[in-house]
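**Student:** Sequence and predicted structure, then a few things I'm wondering about:
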Amino acid sequence: MPRFEFEDPRFTLTNFIVIDNIFADNTVINLPDPDSTGTATTTFDLPSGTYEVILNASDETDGNSTVDVTIGNETFSLTLNNPNANAGILPTADAFRDITVTNSIFIPEGAQITINGQSNAQEFLRLDYIDFNLINEVPVAVDDTVSTGGNPDVTIDVLANDSDTEGDALTVTIDQQGGNGTAVVNQDGTITYTPVNVSVALIASPIK
């Protein structure tokens, strides 16, 4: 999973500072004062696609800090008010937890990622990393219809109006032959239908 560490030079930090923490890969960022604000900004340099986004933060029992994660034009607001069972007032291993920012969002390469945080009481909003896990979305397939008035073969480009969010190559498979002729998949992804001596309509429907 691609992981963006907040202490990495790729992030531009405002008011956040980098500190040592042996429980979080040695370093984290945090706000130095109670009830203060800060930002961490970077550019999304992974391929465009649909991602699950996970934020790792220290959720302690001495405050309810808030975080706004902005991805492109969409903002997700989080409150650190659900600490692990063994968490306390210190940023120990028991305090750090993964928080789902979003289960699915399309992120174009080059989008701006901004974390706006506000510490609360004695919880200084300690952040370790943010993960972007690529999700393979189901292709969008649209029905196709073509007709023939007799014996001539008919060819249809069934992929012409279909699409895939990640840009993956689409393929064609014939699930079941009709009763009035035969269909074959050509090397270029089109389908050629050879009817018997009747007028028929070929309807190609995607498998859901």
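**Tutor:** Sure, I can see it.
**Student:** Show the contacting residues for the nearest residue to Phe96 once chain neighbours are set aside.
**Tutor:** Using CB to CB, 6 or more residues apart in numbering and skipping the chain neighbours, the partner closest in space to Phe96 is Ser58 (5.1 Å). The way it works is simple: take the backbone N, C-alpha and C, and place the C-beta from them, glycine included. By CB atoms under 8 Å, 6 or more residues apart in numbering, the contact list for Ser58 reads 24, 28, 80, 91, 95-96, 123, 126-128.
**Student:** again, only this time at 6 Å
**Tutor:** 91, 95-96, 126 (CB atoms under 6 Å, 6 or more residues apart in numbering).
**Student:** Of these, which one scores lowest on pLDDT?
**Tutor:** Note: of the contacts of Ser58, the lowest pLDDT belongs to Pro91, at 92.
**Student:** rewinding a little: between the contacts of Ser58, which is nearest Asp188?
**Tutor:** The closest of the contacts of Ser58 to Asp188 turns out to be Phe96 (CB to CB; 52.3 Å).
**Student:** now the closest one: how far from Thr66?
**Tutor:** 17 Å (CB to CB, to the nearest Å).
**Student:** Neighbour count for those two, which is higher?
**Tutor:** Phe96 (23 against 17; other CB atoms under 10 Å).
**Student:** Look up the pLDDT of Val200 for me, please.
**Tutor:** So Val200 comes in at 51 (pLDDT).
**Student:** Could you do Asp62 as well?
**Tutor:** So Asp62 comes in at 94 (pLDDT).
**Student:** try Val67
**Tutor:** So, for Val67, pLDDT stands at 98.
**Student:** For this structure, give me the ranges with low pLDDT.
**Tutor:** 1, 149-151, 166, 197-208 (pLDDT under 70).
**Student:** Report the contact partners of Gly181.
**Tutor:** Per CB under 6 Å, 6+ apart, neighbours of Gly181: 193-196.
**Student:** Restricted to buried residues, select these in ChimeraX.
**Tutor:** Buried subset of the contacts of Gly181, written as a ChimeraX selection, criterion 16 or more other CB atoms under 10 Å:
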select :193,195
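**Student:** nearest to Glu5, of the contacts of Gly181?
**Tutor:** Tyr193 (55.2 Å).
**Student:** What strand or helix carries the spatially most central residue of the chain?
**Tutor:** Nearest to the mean C-alpha position of the chain, by CA atoms, centre = their mean, lies Tyr51 at 1.2 Å. Assigned by DSSP states H and E, Tyr51 belongs to strand 49-58.
**Student:** Give me the next element, helix or strand, following that strand.
**Tutor:** Taking DSSP H and E, what comes next after strand 49-58 is strand 66-71.
**Student:** what's the following helix or strand after that following strand?
**Tutor:** Downstream of strand 66-71 (by DSSP H and E), the next one is strand 74-79.
**Student:** Show me which residues of the helix or strand Ile19 falls within are buried.
**Tutor:** Element membership of Ile19, judged by DSSP H and E, is strand 17-21. Across strand 17-21, burial judged by 16+ other CB under 10 Å covers Asn21.
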